[in-house]
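In: Structure, please.
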Amino acid sequence: MSRLFVDHREAPVSAGASLFDCAEAIGIQVPTSCVKQGKCRECLLEVEEGGDYLSGRTPEEAHLGGNFRLACRTRIIDAGGEGTVRCHTMRRGSMRVVDEATDLPDVELRLDSRVARGYGIALDLGTTTVAMRLYNLETGALVASQSFENPQRFGGSDIMARIQYDTHHKGRLLQRTLLGYLGHAIERFPVPPESIVEMTVAANTTMRDLFFGLDVHSIGQKPYRSSTEHDLKAGKRGTTALATEAKRLRLPIHPEARVYGLPLLGSHVGADAAACLLATGIAEREGVSVVMDIGTNTELLVGNRDRIVAASCPAGPAFEGGGVLCGMPGLDGAIEHIAIADDGRVSFQVIGGKDPEGICGSGLVDLLSELLRTERMNAQGRLGEGVDRFVVDPVNKIYFTEMDINELAQAKGANVSGLRIVADVFGIRLDDIERFYLAGGFARHIDPDAGRRIGLLPPLPEEKLVRVGNAALEGAARVLLSETHRQELEELALRVEHIELETHETFFDFFVEGCQFVPIGAEVLH
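Out: All right, here's what the predicted structure looks like:
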C-alpha cells in the first residue's frame, strides 16, 4: 500500500506499524484505557477499504465482526504497491449537539438536599449517538455539552442486533466499550471528574439496561420486556427506574455519585420516551398532544392529562444514515440539505463547510422530497426506467440508489403505521391534535415541508408543529435538577398504556401504505 487515511486524514505508512501508532502520528486520539495492550477493547476502527494490506485478526479481536478492528492490534503488513487503506475511529469529528428546547415548561431547580454542591450529568444514550450535558447542581446552570457516536455499533446498528450480540458474547463487551468511551468524554469536561456527584440516564429500554449491566435477553423475546418490568409485574419493585453508584460502573466521577436510570413506559418504549413525556408536559394539558421522537427506535406518545398511550416503532437506522450506502450521522462532512434545480443540477449544504463525505438524515429527507417534487422518483420509490442511482456529488462519489430508497421507505412505513395506530387507539383524528411535538436531534434539522411531502410528517398547520430538539436530553436534565420531577415521572410512567404495534390488526396494511412516498391524509387518522 502507498497511502493510509484515518478519519479522512492521511497518515504515514510504515510496514509493521499499528493503525493506532499511525493515527497518533497525525494527532488523532484513539480511545484507550490499557495503553495499546489490547485489553480494554476501546480502540475501535472501522476499515472501509484496503483490508488486504492489514494483519489478520488477533485473539483480542475475536468479538468483532464485519470490518471492525482494534487499532492497537492491527498492523500494516504491506507498505509497497499502489493500494490505499481507509478507516475511521468511532469518534469521527464533532457531533452536532442539539440543545434547543421550544415551548417547554420551565425547569425547577433541584430540591434534593442529599447533594449540597457539585456537578451533575444528564445523559441521552441513543442507539446511534450519545449526548450529554454538564450542570452546576447548586445553580442549575448549564456548564458544557458534548456528544459522540455510540461505539456499540460494532455489535449491530439496531437494538435487536445488540440484544443478540450481548446474549452470545460474554463479558458485557457492549457495556465495557460504551463506559470506556463515556469515561473519556467525561474527562474532557471543564471540571474535575470527581466533582461530578450525580448522573441521570435517558435511553431506550435496551440501551439503558445494557448501560447498567442488566441481562437484555428478555427484551428481545415476546413480550419484549426488561427484567425490571417483569419484577414490577411480580411485585418485586415499585418502579422500573434504576439507581446505582458510579464506582459500580467504573465511571471516573465521584465513586459514590448516584447514577439514575429513568423509568420505562413499556416494552421498547423506554426511558427516553419517559424523558420526552416529562419535557413536553403533555400529561399536564387538557388538549391532546402527540410526541414523535424519530430515531432507530422511534417513540410515539399521544395523550393529555387524562390518558397517555405509547408505542415504539422499529424504524431502524436509515434516517440516521445506517443502511444507506452514502449515509452517515450528523457529523462534519455530512450533507444536511439538498436542492435539485429543474435542469437536474444539485446544490447542497455540508455540516462544517468541508468537502462532503456522505448524507445525514435531514439531507436524505430533502433528497427524497426533491426527487419526488421534480418527478425523478415516483410514489413507489422508483427512479425511472433504466436509472439505478441518482448522483448527488460526482466529484466525491456520493450517490443515492433504489436500495437506499427502499431502506428509507421501510423506516418511514414503520413510523407512519405507528402514528396511525396510536391515534386510532386513542380515538382522535388529525384535526383533534393540539400540538405535534417533533423530538430528537434528527427531527430538529429536517425541513417540515419536505417531511410532509414524502409522508413522514402529517400535514398539520405550522402553528401545531413544534420541533423541540433533544427532548430526551431535556427530560434527563429536569430529572437531574429536580427530585420532584423524578418522583412525578415514576408515578406517571405507571399510568401509561403501552401498545404493541406488531400485534395490532391494521399494522401490516398501515405499514404497506406508509412505505409509499405520498402525504399523510387527514382521513387516515380516525
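In: And the strands in the stretch 401-526 of the chain?
Out: 435-439, 465-469, 497-498 (DSSP state E, counting those that start in this stretch).
In: May I have the strands that pair with the second one, each with its orientation?
Out: Taking DSSP bridges as the criterion, strand 465-469 pairs within the sheet with strand 435-439 (parallel).
In: got the buried residues for the partner strand?
Out: 435-439 (16 or more other Cβ atoms under 10 Å). No exception for glycine: its C-beta is placed from N, CA and C like everyone else's.
In: before we move on, back to that, lowest mean pLDDT across the strands of the stretch 401-526 of the chain, which one is that?
Out: Lowest mean pLDDT within those: strand 465-469, at a mean of 89.
In: follow-up on the earlier one: what's the closest of the buried residues of strand 435-439 to G180?
Out: G180 has its nearest neighbour among the buried residues of strand 435-439 in A439, at 28.6 Å by Cβ to Cβ.
In: what sits against that closest one?
Out: 276, 280, 291-294, 468-472 (Cβ atoms under 8 Å, 6 or more residues apart in numbering).
In: what do you get for F20?
Out: Per Cβ under 8 Å, 6+ apart, neighbours of F20: 30, 32, 36, 43, 71-72, 74.
In: count of neighbours near the nearest residue to it once chain neighbours are set aside?
Out: Nearest non-adjacent residue to F20, counting by Cβ to Cβ, 6 or more residues apart in numbering: A71, 3.8 Å away. By the criterion of other Cβ atoms under 10 Å, A71 has 26 neighbours.
In: quick one: A71 from T32, how far?
Out: Note on A71: its distance to T32, by Cβ to Cβ, to the nearest Å, is 8 Å.
In: Now for those two: what residues contact both?
Out: Common neighbours of A71 and T32 (Cβ under 8 Å, 6+ apart) are 20, 43.
In: what ranges do the helices span in the stretch 1-150 of the chain?
Out: 19-25 (DSSP state H, counting those that start in this stretch).
In: and the helix or strand of the chain with the lowest mean pLDDT, what other elements does it pack with?
Out: Within the chain, judged by mean pLDDT, DSSP states H and E, the helix or strand with the poorest mean is helix 441-445; its value is a mean of 80. Packing partners of helix 441-445 (3 or more Cβ pairs under 8 Å, 6 or more residues apart in numbering; DSSP states H and E): helix 361-373, strand 465-469.
In: Just put these in TSV and tack on mean neighbour count.
Out: As requested, those are exported to TSV (neighbours: other Cβ atoms under 10 Å):
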stretch	mean neighbour count
helix 361-373	25
strand 465-469	20
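In: coming back round to it: output the least confident helix or strand of the chain as PDB, restricted to C-alpha atoms.
Out: Only the C-alpha atoms of helix 441-445 are listed here, as PDB (Å, rounded to 0.1, in the frame of the first residue of the first chain):
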ATOM      1  CA  GLY A 441     -31.700  15.700  17.000                       C
ATOM      2  CA  PHE A 442     -32.500  14.500  13.500                       C
ATOM      3  CA  ALA A 443     -36.000  15.900  13.700                       C
ATOM      4  CA  ARG A 444     -34.700  19.300  14.800                       C
ATOM      5  CA  HIS A 445     -32.900  19.800  11.500                       C
END
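In: Give me the residues contacting that helix.
Out: Outside helix 441-445, the residues touching it (Cβ under 8 Å, 6+ apart) are 96-98, 100, 129, 131, 292-295, 319-320, 330, 336, 360-362, 438, 467-470.
In: Apply 7 Å and report the result again.
Out: Helix 441-445 is contacted from outside by 96, 98, 100, 129, 294-295, 319-320, 330, 336, 361-362, 467, 469-470, using Cβ atoms under 7 Å, 6 or more residues apart in numbering.
In: Tell me the one among those nearest to L173.
Out: T129 (19.8 Å).
In: What is the most widely separated pair among the contacts of A439?
Out: The largest distance within the contacts of A439, taken as Cβ to Cβ, falls between T280 and I294 and amounts to 14.7 Å.
In: For H504, give its distance to V422.
Out: 10 Å.
In: quick one: low-confidence parts of the stretch 151-300 of the chain?
Out: Within the stretch 151-300 of the chain, not a single segment meets pLDDT under 70.
In: Quick one: the strands in it, in order.
Out: Using DSSP E, counting those that start in this stretch, strands in the stretch 151-300 of the chain cover 196-203, 242-245, 258-261, 289-293, 298-303.
In: chain center to the third one: distance?
Out: Read it as strand 258-261. 20 Å (Cα atoms, centre = their mean, to the nearest Å).
In: Each with direction, which strands does it pair with?
Out: Short version: by DSSP bridges, strand 258-261 pairs with strand 196-203 (parallel), strand 242-245 (antiparallel).
In: Longest helix in the chain, please.
Out: Longest helix in the chain, counting residues (DSSP state H): helix 402-426.
In: what sits up against that one?
Out: 292, 294, 298, 300, 302-303, 309, 311, 313-316, 318-319, 323-325, 364, 368, 377, 381-383, 388, 454-456, 499, 501, 504, 506-507, 510-511, 514-515, 520, 524-525.
In: Helices - which of the residues you listed land there?
Out: Using DSSP H, the contacts of helix 402-426 in helices are 364, 368, 454, 507, 510-511, 514.
In: farthest-separated two in the contacts of F20?
Out: T32 and T74 (13.5 Å).
In: Neighbour count: these two, which is higher?
Out: Remark: of T32 and T74, T74 carries more neighbours, 24 against 20, as counted by other Cβ under 10 Å.
In: how close does that one get to G180?
Out: 18 Å.
In: do the same with R133
Out: Distance from R133 to G180, by Cβ to Cβ: 20 Å.
In: who has more neighbours, the two?
Out: R133 (24 against 21).
In: Do I have it right that that one meets Q146?
Out: No. Using Cβ atoms under 7 Å, R133 is not in contact with Q146, being 8.6 Å away.
In: Tell me how many other residues surround R9.
Out: Residues near R9, counting by other Cβ under 10 Å: 12.
In: confidence score at the residue nearest to it when sequence neighbours are not counted?
Out: Distance criterion Cβ to Cβ, 6+ apart; nearest residue to R9, sequence neighbours excluded, is I26 at 5.4 Å. I26 is assigned 95 on the pLDDT scale.
In: For I26, give me its contacts.
Out: 6, 9, 11.
In: mind checking pLDDT for T503?
Out: T503 is given a pLDDT of 82.
In: meant to ask about R86, not that
Out: 93.
In: Same check on F319?
Out: 88.
In: do the same with the one 3 residues further on
Out: At G322, the predicted lDDT confidence score is 85.
In: And for D342?
Out: Taking D342 on its own, its pLDDT is 89.
In: Relative to T374, how far out is it?
Out: For D342 relative to T374 (Cβ to Cβ), the value is 7 Å.
In: do the same with A341
Out: Distance from A341 to T374, by Cβ to Cβ: 8 Å.
In: Compare neighbour counts for the two and give me the winner.
Out: Each of A341 and T374 has its neighbours counted (other Cβ under 10 Å); T374 has more, 14 against 10.
In: Distance of the more buried one relative to G344?
Out: 8 Å.
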